[in-house]
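**Student:** curious how this folds, go ahead:
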Amino acid sequence: MDPTNEADVDWTETDRDDTHFRRKKLAAAAGGDRLGCSLYELPPGGNSWPYHFHTGNEEAIYVLSGAGTLRLGDDEHDLLAGDYVALPAGEESAHRVGNRSEEPFRYLMLSTMDDPEVSVYPDSGKVGIFAGSAPGSDDPRTVEGYYRRDDTVSYWDE
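**Tutor:** Purely as a prediction, here's the structure:
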């Protein structure tokens, strides 16, 4: 694989409700398969994806510049350049990144890219189910959807 420079990767932007960020999928641009890496930039007041955890994939954050916050469970932690946070799969790693500063906040988000995966969103009571490609992948999926956790039915229900 040839090196990929982040300057050659286009930004995508997400702006919905209180979620505001720019993202460059570095691993995908470099031909990565089992390890994901994205460069995120949150503007002042911006937030990453809604509060969530993964049941099968591990993530990690490495802060490049700026000052941010990490909601981790019931706690909030300050994040500064050079900080690294491991987020193993499971409820204890439920997280969301935010920027409460006046400057852009830039960090790398790394993740395993295991398939299938279930992501859980405790604040909204939803689960996301992905099969055929991992979360964050642009490859087609055989199963994908978001469901309310309370909408369960019995195995034998039709």
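**Student:** how near is the residue nearest the centre of the chain to E58?
**Tutor:** By Cα atoms, centre = their mean, the chain has its centre lying nearest to W49, at 6.0 Å. Distance, W49 to E58, by Cβ to Cβ, to the nearest Å: 16 Å. Every C-beta, even on glycine, is put in place using the N, C-alpha and C of the backbone.
**Student:** got it, and D114?
**Tutor:** Counting by Cβ to Cβ, the gap from D114 to E58 is 9 Å.
**Student:** list the contacts of the residue nearest to the centre of the chain.
**Tutor:** 19, 96 (Cβ atoms under 8 Å, 6 or more residues apart in numbering).
**Student:** list the contacts for E144?
**Tutor:** For E144, the contacting residues are 128-132, by Cβ under 8 Å, 6+ apart.
**Student:** same thing but 10 Å
**Tutor:** Counting by Cβ atoms under 10 Å, 6 or more residues apart in numbering, E144 makes contact with 116, 128-133, 135.
**Student:** buried among those? Make that a PyMOL selection.
**Tutor:** Applying 16 or more other Cβ atoms under 10 Å to these leaves a buried subset, and the PyMOL line that selects it is:
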select buried, resi 116+128+130+133+135
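**Student:** returning to that earlier point: so the residue nearest to the centre of the chain lies in a strand, does it not?
**Tutor:** No: applying DSSP: H, G, I helix; E, B strand; the rest coil, one finds W49 to be coil, outside a strand.
**Student:** so how far is T14 from it?
**Tutor:** Where T14 is concerned, W49 sits at a distance of 8 Å (Cβ to Cβ).
**Student:** what touches both of the two?
**Tutor:** Residues touching both W49 and T14 by Cβ under 10 Å, 6+ apart: 21, 23, 40.
**Student:** quick one: the helices in this protein?
**Tutor:** Applying DSSP state H to the chain gives helices spanning 26-29.
**Student:** so where's it uncertain?
**Tutor:** Of all residues in the chain, none has pLDDT under 70.
**Student:** just to revisit the earlier point, which residues do D114 and E58 both contact?
**Tutor:** A89.
**Student:** ok, what's across the strand from E144?
**Tutor:** Listed beta-bridge partners, E144: F130 (assigned using DSSP bridges).
**Student:** also E76?
**Tutor:** Per DSSP bridges, the residues bridged to E76 are R71.
**Student:** list the contacts of it.
**Tutor:** 69-70, 96, 98, 100.
**Student:** H54 too?
**Tutor:** Residues in contact with H54 (Cβ under 10 Å, 6+ apart) are 87-90, 93-95, 111-112, 114, 117-120, 128, 130, 134-135.
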